[in-house]
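> next one to model:
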Amino acid sequence: MNLPHVFVCGNPALDFAATLLARRSARFEMLASPDRLDAWYVESGLVDTVSPCQEADVTRARSVREAVDALVKALLLGRAYGGRALVVLNAAARRPTAVPRLTGSGRWTEATPEEALAAVAREAVELLSGPDVPLLKECDEPACTRVYLDRSRGMRRQWCAMEPCGNRIKAAAYRARRKAAPAPSGATR
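Numbering: from 1, shown residues only. Just a heads-up that it's a prediction; the model follows:
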């Protein structure tokens, strides 16, 4: 089953980390094949086209994804960056990235899988060392493990996206209120 890639986290590195869904429970792999990784790179907008990925590229991408996830979670828990995750991310970020070029119809970026992965890694470095760090939040929906940038007024957003997480949280709150409300006199539930 190929679910569509989702880009709701507000940053390509966070969306990349979210390609392993439901980390605490069922764990669903969105980067299940080289063509799914190709699709993610293009759909993310980081590149316009990527030369076909191989299984080794998927393995490297998953390694960088897990490093990004570990570093984001360390940040959210107030822990220092370190260990293997830091080494993996920095090694990927050191690689050359694709160079965009101007064409008659606008900007166009062709990349190899290594260049596309380097772009993701550099996005993560910029995010984890930049001004958006205070905006990082983990989705409140218990089954979701996405981390997103909360750019809402007052920074009171509780979920990564309305569909499906916000809807689930709102429905659960509604059911809890209905259950807690006293029944009208003479009425049965």
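> break down this structure into its helices, ranges please.
With DSSP state H as the criterion, the chain has helices at 12-17, 34-43, 55-76, 83-94, 113-128, 167-180.
> quick one: mean pLDDT for the fourth one?
It stands for helix 83-94. For helix 83-94, mean pLDDT rounds to 97.
> what do you get for the second one?
Helix 34-43 comes out with an average pLDDT of 97.
> elements contacting that helix?
When contacts are defined as 3 or more Cβ pairs under 8 Å, 6 or more residues apart in numbering; DSSP states H and E, helix 34-43 packs onto strand 49-50, helix 55-76, helix 113-128. Glycine gets a C-beta too; all of them are placed from N, C-alpha and C.
> export the longest one to PDB, keeping only CA atoms.
So the one you mean is helix 55-76. Only the C-alpha atoms of helix 55-76 are listed here, as PDB (Å, rounded to 0.1, in the frame of the first residue of the first chain):
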ATOM      1  CA  GLU A  55      18.200   0.200  -2.400                       C
ATOM      2  CA  ALA A  56      21.500   1.500  -0.900                       C
ATOM      3  CA  ASP A  57      20.100   5.100  -1.300                       C
ATOM      4  CA  VAL A  58      17.000   4.100   0.700                       C
ATOM      5  CA  THR A  59      19.200   2.600   3.400                       C
ATOM      6  CA  ARG A  60      21.300   5.800   3.700                       C
ATOM      7  CA  ALA A  61      18.100   8.000   3.600                       C
ATOM      8  CA  ARG A  62      16.600   6.000   6.500                       C
ATOM      9  CA  SER A  63      19.800   6.300   8.500                       C
ATOM     10  CA  VAL A  64      19.700  10.100   8.000                       C
ATOM     11  CA  ARG A  65      16.000  10.200   8.800                       C
ATOM     12  CA  GLU A  66      16.600   8.400  12.100                       C
ATOM     13  CA  ALA A  67      19.400  10.700  12.900                       C
ATOM     14  CA  VAL A  68      17.200  13.700  12.300                       C
ATOM     15  CA  ASP A  69      14.500  12.200  14.500                       C
ATOM     16  CA  ALA A  70      16.900  11.400  17.300                       C
ATOM     17  CA  LEU A  71      18.300  14.900  17.300                       C
ATOM     18  CA  VAL A  72      14.900  16.600  17.200                       C
ATOM     19  CA  LYS A  73      13.700  14.400  20.100                       C
ATOM     20  CA  ALA A  74      16.900  15.200  22.000                       C
ATOM     21  CA  LEU A  75      16.300  18.900  21.500                       C
ATOM     22  CA  LEU A  76      12.600  18.600  22.700                       C
END
